[in-house]
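Q: Task: produce atomic coordinates for the following.
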Amino acid sequence: MIRMLLLALTLLLAGALAPTAPAAQAADPPAGTIAYVRGQTAQGTEIRLIEPDGSDDRLILSLPDSPVGDVPLLAWRPDAAELAFSSDHEGAASLYAKDIYIMRPDGSGLRKLTNGPLRSALAGYPTGTVTVDVILGRGGPAQVFVAGASSPQTVTGSQRVTLTVADYGPGVIQGVAGMIGRSRWYGTGVDVQAGQTVHAGTLLISGAGIERGADRPVWRSDGSRVGFLVGAGCDEFRSLPAAAPINALGEPLLAPASGLGFLCAVEWGPTAALADRLLYNEFDSATRGIYLAQEGSADRGEPLVTYDVFHTLFDLRWLPDGSGFVFALGEWSGGRWASSNLYEYTFSTGQQRQITSFDDALALQFSISPDGQWIVFERAPALGEVVDLWLVRRDGSEMRLLVETAGRPAWSPRAPQAPASFGVYLPMALR
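A: The predicted structure is shown next:
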């Protein structure tokens, strides 16, 4: 009996000490951090960061909710040291209804790239007085604004208005605009004189006006410039240095080749070899497609993907290595955009393949992980309904929910960094 117990104990110890096959390890989570937007919260519109595994979801900046429901679009600087975004929260005190802003990954160092500086920075400038003769040739009330004023002045009829305006410096022409909602009517501009009164001429507010704003920021691969679309119908693609001077509106880089079309997405090449190439989408009544063009070229470029009037492009992004791109294409059916899916185009083959297979949901704005293997995307049952953020591998597998009631994702190329230089342009009075 004792011999049998000893044998059993020996076998048990042998089994416990014997080497075992290693357990299968989970794949490493993708690198980078995902920035996203959540609107209509107690804090307003929130810009937040979250890790790809769903951890460390944190708030970095709150903005007032947009009066028209506009949601910021986000873009990381290539070294992940800053985050650019579009917003209309200072639209009542700007020549544009919406502008481009830049901040650090912790929400600090906020600055205004287009039509800068921030309203809060105007106190650092000397001031002058500007008068404008307003002719209100349509229903009002309207607001009259001069770049450098802390707020517009409301008019209900034709009259002369007087505004106190920050002087941006000798020879700097500061724009004049009339505003009704998001529509703008522009005057000739004026060189403000500190301590003096200057007249800006006549501003006619009549007809439909122009809806002009800066949207969809994108960084050049070397981080030197930020590009953005301008106009309600995305009339052209402009760019500014990342350390832009105040009062800047941007330099045109690309306009619709047809003259009657619209740009709804433009992306700079992601590598040094592709730094001067632009991937863009254009559509008009006859032509819809994705093209590859040279920066600053008047030529339409090379057509890559075409589609018909029953389809629309919701988003477009290069793969990080420049080997191809991903796009979200919606299909019209039953009087609505019934579905939208992600597709990949490969330059070497000139072929495209479908990544997702939704027939009752929409894949909308998205962003790609720095290794190019994962996509974070907005998913909604229909346009105008609640949007959630989902993750999926580029081969279409492992789809999962990341964050509910969230959108506008931007995946950082690396872990967010503390920048050595923020590119802040100081006003003359602060130098």
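Q: quick one: low-confidence parts of the chain?
A: 1-29, 232-234, 257-261, 285-286, 419-431 (pLDDT under 70).
Q: now with 80?
A: 1-29, 68-69, 232-235, 255-262, 284-287, 296-299, 418-431 (pLDDT under 80).
Q: just the helices in it please.
A: For the chain, the helices defined by DSSP state H occupy 2-17.
Q: tell me the contacts of the most centrally placed residue in it?
A: Nearest to the geometric centre of the chain sits L73, at 3.0 Å (Cα atoms, centre = their mean). Counting by Cβ atoms under 8 Å, 6 or more residues apart in numbering, L73 touches F85, S86, D215, R216, P217, Q365, R408. All C-beta spots, glycine's among them, are computed from the backbone N, C-alpha and C.
Q: With distance to D191 added, can I get those in CSV?
A: Output for these, formatted as CSV (distance: Cβ to Cβ, whole Å):
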residue, distance to D191
F85, 31
S86, 29
D215, 29
R216, 32
P217, 30
Q365, 41
R408, 39
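Q: quick check, nearest of the residues you listed to D56?
A: R408 (18.7 Å; Cβ to Cβ).
Q: how deep is the residue lying closest to A31 once chain neighbours are set aside tucked in, by neighbour count?
A: Once flanking residues are discounted, A31 sits nearest to P370: 5.4 Å by Cβ to Cβ, 6 or more residues apart in numbering. Residues lying near P370 (other Cβ atoms under 10 Å) number 17.
Q: and P370, what does it touch?
A: Going by Cβ under 8 Å, 6+ apart, P370 touches P30, A31, G32, P320, W411, S412, P413, R414.
Q: how close does it sit to D88?
A: 30 Å (Cβ to Cβ, to the nearest Å).
Q: can you check R288 too?
A: 28 Å.
Q: same check, this time on Y345
A: From Y345 over to D88 (counting by Cβ to Cβ), the distance is 33 Å.
Q: So between the two, which is more surrounded?
A: Set side by side, Y345 and D88 show more neighbours around D88, with 23 against 20, by other Cβ under 10 Å.
Q: Surely the more buried one touches D65?
A: No. Taking contacts as Cβ atoms under 8 Å, D88 lies outside contact range of D65: 10.2 Å.
Q: Can you flag which of the contacts of L73 belong to strands?
A: F85, S86, D215, R216, P217, Q365, R408 (DSSP state E).
Q: was I right about L240 contacting L113?
A: Yes. With contact defined as Cβ under 8 Å, L240 reaches L113; the gap is 5.8 Å.
Q: picking up where we left off before, reformat the ones in strands among the contacts of L73 as a markdown table; add neighbour count.
A: Compiled in a markdown table, the ones in strands among the contacts of L73 are given as follows (neighbours: other Cβ atoms under 10 Å):
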| residue | neighbour count |
| --- | --- |
| F85 | 23 |
| S86 | 25 |
| D215 | 22 |
| R216 | 23 |
| P217 | 26 |
| Q365 | 24 |
| R408 | 23 |
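Q: just the residues you listed now: which is nearest R138?
A: Nearest member of the ones in strands among the contacts of L73 to R138, counting by Cβ to Cβ, is D215, at 26.0 Å.
Q: Provide a list of residues in contact with that closest one.
A: L73, S86, K98, F228, L229, V230, C234 are the contacts of D215 under Cβ under 8 Å, 6+ apart.
Q: try 7 Å this time
A: Applying Cβ atoms under 7 Å, 6 or more residues apart in numbering to D215 gives the contacts L73, S86, K98, F228, L229.
Q: any idea how far it is from A121?
A: The separation that D215 has from A121, given Cβ to Cβ, amounts to 23 Å.
Q: what does A242 give?
A: 18 Å.
Q: Between the two, which is the more surrounded one?
A: Higher neighbour count among A242 and A121: A242, with 21 against 17, using other Cβ under 10 Å.
Q: got a list of what the more buried one touches?
A: Each residue near A242 by Cβ under 7 Å, 6+ apart is listed here: G223, S224, R225, V226, G423.
Q: Out of those residues, which is nearest to T129?
A: Closest approach between these and T129, by Cβ to Cβ: G423, at 32.1 Å.
Q: now the strands for the stretch 51-200 of the chain?
A: Counting by DSSP state E, counting those that start in this stretch, the stretch 51-200 of the chain has strands at residues 58-63, 74-76, 83-87, 99-103, 111-112, 127-136, 142-146, 153-155, 159-166, 173-174, 176-180, 183-186, 190-191, 197-205.
Q: Lovely, talk soon.
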